[in-house]
Structure formats: C-alpha cells, structure tokens
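Enquirer: No letters, just coordinates:
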C-alpha cells in the first residue's frame, strides 16, 4: 500500500482545470518524488493508462490508472501483486510541465513529499 500511495502522491494536487489535459505534461517524462527522509522514487505515467515506478530500494512497481471524476484519477497497483485488502488510490491531479516543482502537504500544512517533473 505504501508503494501505491507514494506513486499516486506524486501526481496529487487540487485543480479546477479540465482533467483531459491534466496528465499531458507527464507523458514521456519522470516524476521525482522525495520523501521527508530524503528517499527518492522515480515514476512515469503513460498515455496508455499505465504507470511505473522505481522505489528507493531499487524495486519496481507498476499498474494502471483511470479517470474517476474530473479531475480525479485512480491508480491501481498490479505488480508486485498487492495485498488482498488493497484498494486503488484516487487523487486529484494538477497539470504540470517539465521543470515544475511542487509539494504535497498534509491537512496541518506539513510537507509530506516534494516533487519535480523532469524530461525523459
């Protein structure tokens, strides 16, 4: 579950923009996620509705994504097989372009992850 949350959090933000274009800047690029402990996850979201990630320990995770309700997307881990009680992670998506950096904060304003969208 932690893996999918880290991956999905990479794409989390709030936005009123139309969802149809919100992931366009991600396709073909890499989201670098830095956790508060400094560990880095690299993720790619693809136009074919799949995603893949390399975790800080070098292991890989992948799955599918789908739009739920504008502009919310749900990410479902496929590999490695998730636990029996696993549920897809759904989150709002903000559009970003290469070079953008942003943070995800919890309800108390504490930064829980930092992100950067890089080419390739």
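Expert: That came in fine, so what should we check first? Just so it is clear, the model here is predicted, and its values are computed rather than measured.
Enquirer: Correct me if wrong, but residue 96 is in a strand.
Expert: No. Applying DSSP: H, G, I helix; E, B strand; the rest coil, one finds residue 96 to be coil, outside a strand.
Enquirer: Next, work out how far apart it and residue 43 are.
Expert: 13 Å (Cβ to Cβ, to the nearest Å). From N, CA and C alone the C-beta is placed, and that goes for glycine too.
Enquirer: Settle it for me: which of those two has more neighbours?
Expert: The neighbour comparison of residue 96 against residue 43 (other Cβ atoms under 10 Å) goes to residue 43, with 25 against 22.
Enquirer: confidence score at the closest residue to the more buried one other than its chain neighbours?
Expert: Nearest non-adjacent residue to residue 43, counting by Cβ to Cβ, 6 or more residues apart in numbering: residue 53, 4.2 Å away. Residue 53 carries a pLDDT value of 96.
Enquirer: Go ahead and confirm residue 53 touches residue 61.
Expert: Yes. Contact criterion Cβ atoms under 8 Å: residue 53 and residue 61 qualify, at 4.9 Å.
Enquirer: Please identify which of those two sits among more neighbours.
Expert: Shown here are residue 53 and residue 61; by other Cβ under 10 Å, residue 53 has more neighbours (25 against 20).
Enquirer: Where does residue 25 sit: helix, strand or coil?
Expert: Per three-state DSSP, residue 25 ends up coil.
Enquirer: Now do the strands in the protein.
Expert: 29-34, 40-45, 50-54, 60-69, 72-79, 89-92, 101-105, 111-119 (DSSP state E).
Enquirer: quick one, the fifth one and strand 50-54 angle?
Expert: It refers to strand 72-79. Put simply, strand 72-79 runs at 60 degrees to strand 50-54, going by axes from the mean of the first three to the mean of the last three Cα atoms, to 10 degrees.
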